[in-house]
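A.B. asks: I'd like to go over a predicted model; first the sequence, then the structure.
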2 protein chains.
Amino acid sequence: MEVQLRIRMNEKIYLRNPEESALGKSIVHNGLKLINDIGFEDFTFKKLATQINSTEASIYRYFENKHRLLLYIINWYWSYLEFMIMFNLQNITDPKIKLKRIIEVLAIPVKGSSNDFISGEEAYKLVMWEGSKTYLTRNVSSDNQAKLFKPYKDLSGRFAEVIKEYSPRYKFPNSLASTIIEMSHMQNFFMNNLPSLTDFGKEKDEKMLLEFLETLLFNSIDTSLTVKNKRK
Amino acid sequence: MEVQLRIRMNEKIYLRNPEESALGKSIVHNGLKLINDIGFEDFTFKKLATQINSTEASIYRYFENKHRLLLYIINWYWSYLEFMIMFNLQNITDPKIKLKRIIEVLAIPVKGSSNDFISGEEAYKLVMWEGSKTYLTRNVSSDNQAKLFKPYKDLSGRFAEVIKEYSPRYKFPNSLASTIIEMSHMQNFFMNNLPSLTDFGKEKDEKMLLEFLETLLFNSIDTSLTVKNKRK
DNA sequence: TTTAATATGATAGTATTACTTTTATGTTTT
DNA sequence: AAAACATAAAAGTAATACTATCATATTAAA
């Protein structure tokens, strides 16, 4: 049995649907790799065109600018993660196990799912290095109105729902969800690049990161909120 | 009594010390305001030069490029916060109160300290919008070796020390410190720009953000780490 | 199967960015 | 009064971020 999942993307994000042609797929696939290679600031459509033996003008027919290409891949990934989470939570009733699964999906990049379009591992790296640059611009509001952050908000919202299910009294499910999502990438970045900001040392231990995130999540919501000054 | 605090900056960050001339101070002061106005991506030395009636070439004598100017201001702010925290913790012995004070300093921008150099409020906004862009580049490692992230790491390290003091058994003081620092800005950004990612709604309630951060911090370290499956 | 529509390539052009260089002029320091 | 230094003025360059035009190859419709 051969099943492929297709993610329906917001049409406002592209000029021509890149999934519908070989060139489009190549732009996304190699664009992802090139951004990861040289960083988003140094990435240009010219360089990408040279690498895929095409032209700048051709790439501009698919995406208005490089920021839209970034948004496209990042959004694809958030939608992909939401699907993975939905899939992984099938038939599970215990919300504690649900939450653990969510953290695993978030923090451990899916290995080996490299197809000819978007590879999970490459996309994870992109989110880690460039993810926040999608919204840290003066266009946040207009981009938000154009629903360009919907996949991220959907993922965070679904996560928050499970938090509410686990602990209906907890006051900040949405903020906690976005915190865990951001930290699953940022602490990984720190671990590899500014390790003194973490406790995962030089071993680069992904298990420790997982434990940190679980502790953060469960301690936050397990603790009875009325108990105060337990200590001292 | 008139006291002014002077922050000693890493000399590698600038070509000529901006604190030592009127032009230098103007570059930093107006540069900060202009970046906040139009965003770091659209900010250029040309535009800044026009605004302060100087020339591009003159600005380049102070800073190698706009990224260094950004680092300069952000680093100034982290050092400033570290001083504010040190100052605010004087004579306090209870680590719980210490931690509460730290969160307040982090999450509530200092009002009214606008001098002719760097204003606390403007700097807070800059950190919120552009802070992570200092390290999310392919130069992280070399910049880190040049000690360009020392002020941030010092602040986070000092925070972590207080966490250890409060709870010596907690396993992730450094990651928790960097998480709270990042979230004190990011959740504020979300609250104002992507509110559905938070629980602070349209009221833009800074008090709620404070409560979230305190809950996150104290629940994480108060909870006895051996207690498991309290629920279900 | 011819026509028409569409996608891509090739080429060129523009305003802006991110700098560097040189020369002139004004201000301090010695 | 001379020397040292900071800034301004002006010009120049390679790269970036696009837009526009035209030719050609491929595919779809008549």
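C.D. replies: Done, it's in.

A.B. asks: what comes up buried for stretch A:167-179?
C.D. replies: Across stretch A:167-179, burial judged by 16 or more other CB atoms under 10 Å in any protein chain shown covers A:S167, A:Y170, A:F172, A:P173, A:N174, A:S175, A:L176, A:A177, A:S178, A:T179. All C-beta spots, glycine's among them, are computed from the backbone N, C-alpha and C.

A.B. asks: just checking, next helix/strand downstream of the longest helix seen in chain A?
C.D. replies: The single longest helix within chain A, with elements called by DSSP state H, is helix A:66-89. Sequence order places helix A:95-107 as the next helix or strand after helix A:66-89, per DSSP states H and E.

A.B. asks: quick check: what element follows that following helix along the chain?
C.D. replies: Proceeding N to C from helix A:95-107, the next assigned helix or strand is helix A:120-130, under DSSP H and E.

A.B. asks: run through who's touching the helix or strand just after that next one.
C.D. replies: For helix A:120-130, the succeeding helix or strand toward the C-terminus, using DSSP H and E, is helix A:140-145. Applying CB atoms under 8 Å, 6 or more residues apart in numbering or on different chains, the external contacts of helix A:140-145 come out as A:L71, A:T134, A:Y135, A:T137, A:F149, B:N193, B:L194.

A.B. asks: show the buried residues in those.
C.D. replies: Among these, the ones that count as buried by 16+ other CB under 10 Å are A:L71, A:T134, A:Y135, A:F149, B:N193, B:L194.

A.B. asks: for A:L48, state which of those residues is nearest.
C.D. replies: A:L48 lies nearest to A:L71 out of the buried ones among the contacts of helix A:140-145, by CB to CB, at 15.9 Å.

A.B. asks: from DNA strand C, how far out is the closest one?
C.D. replies: In this structure, A:L71 and DNA strand C are separated by 20 Å, where distance is defined by CB to the nearest atom of the strand, to the nearest Å.

A.B. asks: let me know the pLDDT of that residue.
C.D. replies: Listed pLDDT for A:L71 reads 98.

A.B. asks: just to check, it is in contact with A:I13?
C.D. replies: Yes: using CB atoms under 8 Å, A:L71 is in contact with A:I13, at 5.8 Å.

A.B. asks: overlap of the contact sets of those two?
C.D. replies: Between them, A:L71 and A:I13 have A:L148 as joint contacts when contacts are counted by CB under 8 Å, 6+ apart.

A.B. asks: can you tell me the closest non-neighbouring residue to A:E121?
C.D. replies: A:P109 (5.1 Å; CB to CB, 6 or more residues apart in numbering or on different chains).

A.B. asks: what does A:L217 give?
C.D. replies: Once flanking residues are discounted, A:L217 sits nearest to A:I180: 5.7 Å by CB to CB, 6+ apart.

A.B. asks: burial count for the one you found?
C.D. replies: A:I180 is surrounded by 23 other residues when neighbours are defined as other CB atoms under 10 Å in any protein chain shown.

A.B. asks: compute the distance between it and A:F218, please.
C.D. replies: Taking CB to CB, to the nearest Å as the measure, A:I180 falls 11 Å from A:F218.

A.B. asks: which residues touch A:V127?
C.D. replies: Neighbour list for A:V127: A:I74, A:Y77, A:H185 [criterion: CB under 8 Å, 6+ apart].

A.B. asks: what is the nearest of those residues to B:K47?
C.D. replies: Ranked by distance to B:K47 (CB to CB), the contacts of A:V127 are led by A:I74 at 28.8 Å.

A.B. asks: flag every residue of chain A that's near DNA strand D.
C.D. replies: With the criterion set to CB under 7 Å from any atom of the strand, chain A comes near DNA strand D through A:D42, A:T44, A:F45, A:K46, A:K47, A:E56, A:A57, A:Y60, A:E64, A:N65, A:K66, A:H67.

A.B. asks: and if we set it to 10 Å?
C.D. replies: Contact residues, chain A versus DNA strand D (CB under 10 Å from any atom of the strand): A:15, A:21-22, A:38, A:40-47, A:49-50, A:55-61, A:63-68.

A.B. asks: appreciated, that's everything.
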